[in-house]
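Visitor: Predicted model, plus sequence, below.
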Amino acid sequence: MTDVEDKQGVRSAHEVLSWSRFGVEPALRSAVDRLPESMRTIAGYHFGWRDEHGQVTGGNGGKAIRPALTLLAAEAVGGVAAAAMSGAVAVELVHNFSLLHDDVMDHDTTRRHRPTAWSVFGINSAILAGDSMLMLALDVLADSGHPTAQQGVRMISVAVQALLDGQAADLAFEERGDVDLLECVKMAEGKTGALLGCACEIGALFGGGNPDQVAHLRGFGEALGLAFQFADDLLGIWGDPEVTGKPVFSDLRNRKKSLPVVAALNSGTEAGRELDLLYHSDHPLSGDDLRRAADLVDLAGGRAWSQARADDLLSRARGHLVAAEPTARAAAELDAVAELASHRDH
Ligand SMILES: CC(C)=CCC/C(C)=C/CC/C(C)=C/COP(=O)(O)OP(=O)(O)O
């Protein structure tokens, strides 16, 4: 098949994400069905399948970007998406475990346009449901019968350790006034880059890729994951809550050392110094303070710097994608998903 013929039928990023959401959901639901009822109820609510009373609802379980990467990575190495389905379910379970816990830690009350699970079911129940989803991810891989399942379990466990380390750094930074850009980027690589890297890595592994392809696709996912976090931090300050489904300014209110904020604090500008005083004041930040903080991040160059870094990371991701020698259609679709993920509005 020529390159041109092979690229026929390339889907847009939105079509790929919808394919991923609907393709993975049956396997995700049947995995969640194996949980004890108390955990299943909370997981079903968090994925948007049921309301807080257990009634069936329309569902909004998120964008499904990680499973999309897993399935496409399998196709990129010449395999079929179905071979990587257990990997796709596992990464989505890990991601959702981390969201359940993150909402507790950040005291966030809204996610995906709904009250967060902890604010409906209580903190303890949400933590336990998150733990339960994490263990289920390993169970799904162990049960997959895939010849490289053991390697897949190891990939997930390495990524989860990096994610935990990144989250620990994120929380520790809230108490520190001297966070530099290097450590902030390292934190984001752990918190977000590792799991997107793993999503691609496990897809390439289960799709039958050779070690070079698996490594390059992991590199693609890691670079993309960091770009994704830059985009997330920008949306946390300048996103439209009607579109993101999350309240704006939550990061600023929690005095998070997000990437644009740390860039502004380290900018050596007058705006950066004013932001420092505001961020490290001992009074709760008012609505006016939060709006001023957002303006200061912008004036100090934190917004423009973050957008430029997201662009650089997208180029780095593309370099890895080409080096993985992917099949043409999957490459075009991975590229489109990468573009969307680093310049997204939700
Ligand atoms: C251990 C622990 C608590 C870790 C926390 C790690 C954490 C929450 C990192 C942030 C990652 C991120 C950008 C999530 C939004 O994903 P998304 O926009 O793909 O969400 P969606 O699934 O709702 O679309």
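Guide: Arrived safely. Numbering: from 1, shown residues only.
Visitor: Flag every residue of the protein that's near the ligand.
Guide: 62-63, 65, 98-99, 101-102, 105, 112, 163-164, 167, 191-192, 228-229, 232 (C-beta under 6 Å from any ligand atom). In short, each C-beta sits where N, CA and C put it, glycine included.
Visitor: So which of those residues sit within strands?
Guide: In strands, judged by DSSP state E, none of these are found.
Visitor: Narrow these to just the buried residues.
Guide: If you count burial by 16 or more other C-beta atoms under 10 Å, the buried members of the residues of the chain next to the ligand come out as 62-63, 65, 98-99, 101-102, 112, 163, 167, 191-192, 228-229, 232.
Visitor: Closest to the ligand out of the residues you listed?
Guide: residue 62 (2.4 Å; C-beta to the nearest ligand atom).
Visitor: Can you pull the phi and psi angles for the closest one?
Guide: Here is the backbone geometry of residue 62 (degrees, to the nearest 10): phi 100, psi -180.
Visitor: Can you tell me, leaving aside adjacent residues, what's nearest to it?
Guide: Excluding the flanking residues, the one nearest residue 62 by C-beta to C-beta, 6 or more residues apart in numbering is residue 112, at 6.2 Å.
Visitor: how close does that neighbour get to residue 189?
Guide: Applying C-beta to C-beta, to the nearest Å, the value for residue 112 to residue 189 is 25 Å.
Visitor: now residue 339
Guide: 20 Å.
Visitor: So between those two, which is more surrounded?
Guide: residue 189 (19 against 16; other C-beta atoms under 10 Å).
Visitor: can you pull the contacts of the closest residue to that one other than its chain neighbours?
Guide: Nearest residue to residue 189 in three dimensions, chain neighbours excluded: residue 226, at 5.7 Å (C-beta to C-beta, 6+ apart). Counting by C-beta atoms under 8 Å, 6 or more residues apart in numbering, residue 226 touches 185, 188, 189, 192, 193, 313.
Visitor: Following the regular element (helix or strand) spanning residue 27 in sequence, what is the next regular element?
Guide: For residue 27, the host element (DSSP states H and E) is helix 13-32. For helix 13-32, the following helix or strand on the C-terminal side (DSSP H and E) is helix 37-46.
Visitor: Any buried residues in that following helix, and which?
Guide: 39, 40, 41, 42, 43, 44, 45, 46.
Visitor: Stretch 180-189 now?
Guide: For stretch 180-189, a neighbour-count test (16+ other C-beta under 10 Å) marks 183, 184, 185, 187, 188, 189 as buried.
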